[in-house]
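1. need a 3D model of the sequence below.
(2 chains)
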Amino acid sequence: MACGIVISAGISAMTRKITLTINGKKHTDAVEPRMLLIHYLREVAGLTGPHIACETSLCGACTVHVDGKAIKSCTMFAVQADGREVLTIEGLAADGKLDPMQEAFWNEHALQCGYCTPGMIMTAKQIVERNPKPTDDEIRHGLEGNLCRCTGYQHIVNAVRAAAGK
Amino acid sequence: MPLHGLPAHCQRGPGGRWEVNGDIMATTITKTETLVGKRIRRREDPRLITGTATYVDDIQMPGMHHACIVRSPHGAAKIISVNVKAALDLPGVAAVFTGKDTEKCAPVPCGASLPGLRVPHHHLLAVDRVYYVGHPVAVVVATDRYIARDAADLVEVE
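-> This next block holds a predicted model:
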């Protein structure tokens, strides 16, 4: 990890160089150590799939996978992702074919405005990876960290159940 | 962006049916292609489930700035002074607005209209007193969100 002083927008700030893989693609950038991973993904890497809603780790809209584990990217600094592999919602259907979880959300009407959906799908994928045949209670427990303000959750649970084992 | 309610985006297609940007609207589907009782998938979902939709927060424009609001930590208090000098001096800060700057703007309207209701005068930003925790006192505009938040911390309110 290289350190340096970078002058940007008239302000000098300590930055660190990080290299990470996002959706299979290598990214190298100089970032402030305090920059959150979600801000890095959205504003530096230009991936606006993961959303910011609460910015305080309550809502789960920013959920991405880091080294295969679902994390809320507003609880992590970009420098902590240095050398790791990040998967965002954009990386799920990178080859043009929808992931079974995405298909299930579409089929089961598990979204309305879609703002929480990227985070929901990333969390749901981890639920079925860990437990290929989850009960409704287990699905609901797994989705506790993700808030949706329009669907009322039942259709989301239906979607996760439908996608499980596929 | 198509505005479905506007005539410019809505016109009759070759078959005389109403179209929005070339797509036949669902309400004009004829009997032979009825959707009643069918399981249909929403047309807007593909972009929502692949993270390719554009929400307002996703828009980045050249020269775009970020704002951060300085809010009251008190439920009710008098404002004696607001000092924005330190915030303005921070490189990257474009402007700091306080209640004095927005005093002349129309007040925030009251949603209820009841006979005899005493409506408090809500300015966009608090002028001489705050009414509640979170009452906006100042707004900082800067080149990025981190600088805006740093500068918001530098606004001194007594």
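2. past the helix ranked longest in chain A, which element shows up next along the chain?
-> Scanning chain A for the longest helix, with DSSP state H as the assignment, gives helix A:117-130. Per DSSP states H and E, helix A:117-130 leads on to helix A:136-142 as the next helix or strand towards the C-terminus.
3. what's the burial count for B:Ala94?
-> 15 (other CB atoms under 10 Å in any protein chain shown). Where you see a C-beta, it was placed from the backbone N, CA and C, and this is true even at glycine.
4. got the contact list for the spatially closest residue to it that is not a sequence neighbour?
-> Once flanking residues are discounted, B:Ala94 sits nearest to B:Val141: 4.7 Å by CB to CB, 6 or more residues apart in numbering or on different chains. Taking CB atoms under 8 Å, 6 or more residues apart in numbering or on different chains, we find B:Val141 in contact with B:His65, B:His66, B:Ala67, B:Val93, B:Ala94, B:Ala95, B:Val96, B:Phe97, B:Ala148.
5. isn't the first one right up against B:Ala94?
-> Read it as B:His65. Yes. When contacts are counted by CB atoms under 8 Å, B:His65 is listed as touching B:Ala94 (5.7 Å).
6. need the overlap of contacts for these two.
-> Contacts common to B:His65 and B:Ala94, judged by CB under 8 Å, 6+ apart, are B:Val141, B:Ala142, B:Thr143.
7. separation between the one residue in chain B that gets nearest to chain A and B:His66?
-> Nearest to chain A, among the residues of chain B, is B:Gly51, at 2.2 Å (CB to the nearest CB). B:Gly51 sits 22 Å away from B:His66, taking CB to CB, to the nearest Å as the criterion.
8. from the chain's centre, how far out does the helix of greatest length in chain B sit?
-> The residue-count maximum for a helix in chain B (DSSP H) belongs to helix B:145-154. Taking CA atoms, centre = their mean, to the nearest Å, one finds helix B:145-154 lying 20 Å from the centre of the chain it belongs to.
9. CA atoms of it as CSV?
-> Extracted in CSV, the C-alpha atoms of helix B:145-154 (Å, rounded to 0.1, in the frame of the first residue of the first chain):
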residue,chain,number,x,y,z
ARG,B,145,-19.2,15.3,0.5
TYR,B,146,-16.2,14.8,2.9
ILE,B,147,-15.2,18.4,2.7
ALA,B,148,-18.8,19.5,3.1
ARG,B,149,-19.0,17.5,6.3
ASP,B,150,-15.7,18.8,7.6
ALA,B,151,-16.8,22.3,7.0
ALA,B,152,-20.2,21.7,8.6
ASP,B,153,-18.2,20.8,11.8
LEU,B,154,-16.4,24.1,11.6
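10. now for the nearest residue to A:Glu85 once chain neighbours are set aside: which residues touch it?
-> Once flanking residues are discounted, A:Glu85 sits nearest to A:Thr21: 4.7 Å by CB to CB, 6+ apart. Contact partners of A:Thr21, counting by CB under 8 Å, 6+ apart, are A:His27, A:Arg84, A:Glu85, A:Val86.
11. any idea what the residue nearest to the spatial centre of chain A is bridged to?
-> Among the residues of chain A, the one closest to the centroid is A:Val64, at 2.0 Å (CA atoms, centre = their mean). For A:Val64, the beta-bridge partners are A:Ile71 (DSSP bridges).
12. separation between it and A:Tyr40?
-> Distance check for A:Val64 against A:Tyr40: by CB to CB, it reads 11 Å.
13. domains in chain B, by residue range?
-> Following automatic domain parsing, chain B resolves into domains at B:7-58, B:66-157.
14. now chain A
-> According to automatic domain parsing, the ranges for chain A are A:3-88, A:100-163.
15. if anything else comes up later, I'll come back, but that's it for now.
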